[in-house]
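Asker: Predicted model follows, preceded by the sequence.
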Amino acid sequence: MKNILISTGGSGGHVIPAIILQEHLKNKSNIYMTSDDRGTKFFNEHKENIEIIDVPKITKNIFLLPFQMILLLFLIFKSLLFLKKKKIKIVISTGGYMSLPICMASKILNIDLFLFEPNMVLGRSNKFFLNSCKKILCYSDEIKGFPYKLRNKIFLIPPLLRKEFYSNEKCKIIKDKINLLIIGGSQGANSFDSLIKNSITDLSKKYRLKVFHQTSLSNYNNLKNFYLKNKIENELFDFNERVSNFMSKSNICITRAGASTLAELTFLNIPHIAIPLLSAKDNHQFENALFYNKYGCNWILKQNELTDVILINKLLNIIENKEEYLDKQNKMKNINYQNTWNNINQKIITTIYEN
């Protein structure tokens, strides 16, 4: 069995695909994982098997830059020792600056490197290592910023989903009750919660409403008090809980536009309003939302143009216009017919072991 290292960290958008890749490969390989400190909170179990390589974000402060470069060199050396000690034959990176030391070390040791890019804009780390990688796993071959001469490195796969999604119920149409799912993502969730509070209150005055709301622990009590004060039925959950359980109970969603979340909502046929994170690198969340929007799967609202009136009017229009709602569900069914666990498993195994 080959020893494979999956490098990840940072946000849930990096860690969740890494965990899914581990599931796909674990029966044929010995899998090791590295993460930074931020990424460890997304691992529900087996944290003791994760090597921490905590890479600092490169600063624009020229006085601190030399110290960060020295630290980066130390982490590359640490990565070299780790790869040699574990006799790693293949490295898979899910992107982000936290993967830099491992990817650099794999290049020095001439270890096969595979990249993963779920977004519709090529990440800067992935772009840096594109020349030296064997393949890059992508959901589309129309990724912004992707060099045309290296397009032969793209290996297309259906969106990666956690295994439990394949046994969950698909979304049911809105009838007498609205089950609203709210997903703010692992970054900027608190500001997202504040952005939509008034619209939720207005909606609860017009319809029977239950809200399933993913939020950070730091904002949990504040949000719970808000729902109690306004007498809105709710269930709050954090990023470590199984979001599929809440998605399967929902019939409409307001969400950020992380690649994993959009793939999950689309797979379960949940019509959703995407509000991309403004601070997302290279505006990749907007491009993610636009990818599904072109297939007719969602509605997009830009945060810098959003008001309470615009959001509540959009929600009311969706609820009252069942034809458009059903059309979105049908479009989602059409683009997911090939997304099965076995199909993706075969594709991943094929590209990792045959290259």
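Answerer: On my side now, so go ahead.

Asker: Report the buried residues of the top helix by length along the chain.
Answerer: Longest helix in the chain, counting residues (DSSP state H): helix 65-85. Applying a neighbour-count criterion of 16 or more other Cβ atoms under 10 Å, the buried positions in helix 65-85 are L72, L75, I76, K78, S79, L80, F82, L83. For the C-beta atoms, the positions are set from N, CA and C on the backbone; glycine is no exception.

Asker: isn't L113 right next to K107, touching?
Answerer: Yes. With contact defined as Cβ atoms under 8 Å, L113 reaches K107; the gap is 6.9 Å.

Asker: So which of the two has more stuff around it?
Answerer: Neighbours per residue, other Cβ atoms under 10 Å: of L113 and K107, the larger number sits with L113, 22 against 16.

Asker: Could you look up the SS state of the more buried one?
Answerer: Look at L113: counting by DSSP: H, G, I helix; E, B strand; the rest coil, its state is strand.

Asker: Restrict stretch 237-253 to CA atoms and write it as CSV.
Answerer: Extracted in CSV, the C-alpha atoms of stretch 237-253 (Å, rounded to 0.1, in the frame of the first residue of the first chain):
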residue,chain,number,x,y,z
PHE,A,237,-25.8,24.2,15.0
ASP,A,238,-22.1,24.7,14.6
PHE,A,239,-19.6,23.7,11.9
ASN,A,240,-18.7,20.4,13.5
GLU,A,241,-22.3,19.0,13.4
ARG,A,242,-23.6,17.1,10.4
VAL,A,243,-25.1,19.7,8.2
SER,A,244,-26.7,17.0,6.0
ASN,A,245,-29.2,16.3,8.9
PHE,A,246,-30.4,19.9,8.7
MET,A,247,-30.3,20.2,5.0
SER,A,248,-32.6,17.2,4.6
LYS,A,249,-35.2,18.9,6.8
SER,A,250,-35.1,22.2,4.8
ASN,A,251,-37.0,23.4,1.7
ILE,A,252,-35.2,26.7,1.1
CYS,A,253,-31.8,28.1,2.0
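
Asker: quick check, distance from it to the centre of its chain.
Answerer: In terms of Cα atoms, centre = their mean, to the nearest Å, the centre of stretch 237-253 is found 14 Å from the chain centre.

Asker: Same question for stretch 95-102.
Answerer: Worked out by Cα atoms, centre = their mean, stretch 95-102 lies 17 Å from the chain centre.

Asker: circling back: for the longest helix of the chain, what is the average pLDDT?
Answerer: On average, the pLDDT along helix 65-85 is 89.

Asker: Can you spell out which helices and strands pack onto that helix?
Answerer: Judged by 3 or more Cβ pairs under 8 Å, 6 or more residues apart in numbering; DSSP states H and E, helix 65-85 is in contact with helix 100-108.

Asker: Verify the stated contact: V211 with N230.
Answerer: No. Between V211 and N230 no contact is recorded; they are 10.2 Å apart, counting by Cβ under 8 Å.

Asker: For these two, indicate the residue with more neighbours.
Answerer: A direct count of neighbours by other Cβ under 10 Å for V211 and N230 places V211 higher, at 21 against 13.

Asker: residues contacting that one?
Answerer: For V211, the contacting residues are L180, L181, I182, I200, Y227, I232, E233, N234, E235, by Cβ atoms under 8 Å, 6 or more residues apart in numbering.

Asker: For it, which three-state class applies?
Answerer: strand.

Asker: Return the distance of it relative to I252.
Answerer: The gap separating V211 from I252 is 11 Å, by Cβ to Cβ, to the nearest Å.

Asker: what residues do these two have in common as contacts?
Answerer: Taking Cβ under 8 Å, 6+ apart as the contact rule, V211 and I252 both touch L180, L181.

Asker: What's opposite the nearest residue to I136 once chain neighbours are set aside in the beta bridge?
Answerer: Of all residues beyond its chain neighbours, the one nearest I136 is L115 (4.1 Å), with distances taken as Cβ to Cβ, 6 or more residues apart in numbering. For L115, the beta-bridge partners under DSSP bridges are S93, I136.

Asker: what sits against L115?
Answerer: Remark: with contacts taken as Cβ under 8 Å, 6+ apart, L115 is in contact with I92, S93, G95, N126, F129, L130, C133, K135, I136, L137.

Asker: just for the stretch 1-150 of the chain, where's the confidence low?
Answerer: The model of the stretch 1-150 of the chain has pLDDT under 70 over residues 45-49, 58-61, 63.

Asker: tell me the domain boundaries of the protein?
Answerer: Here the domain parsing of the chain from automatic domain parsing is 2-161+339-354, 165-335.
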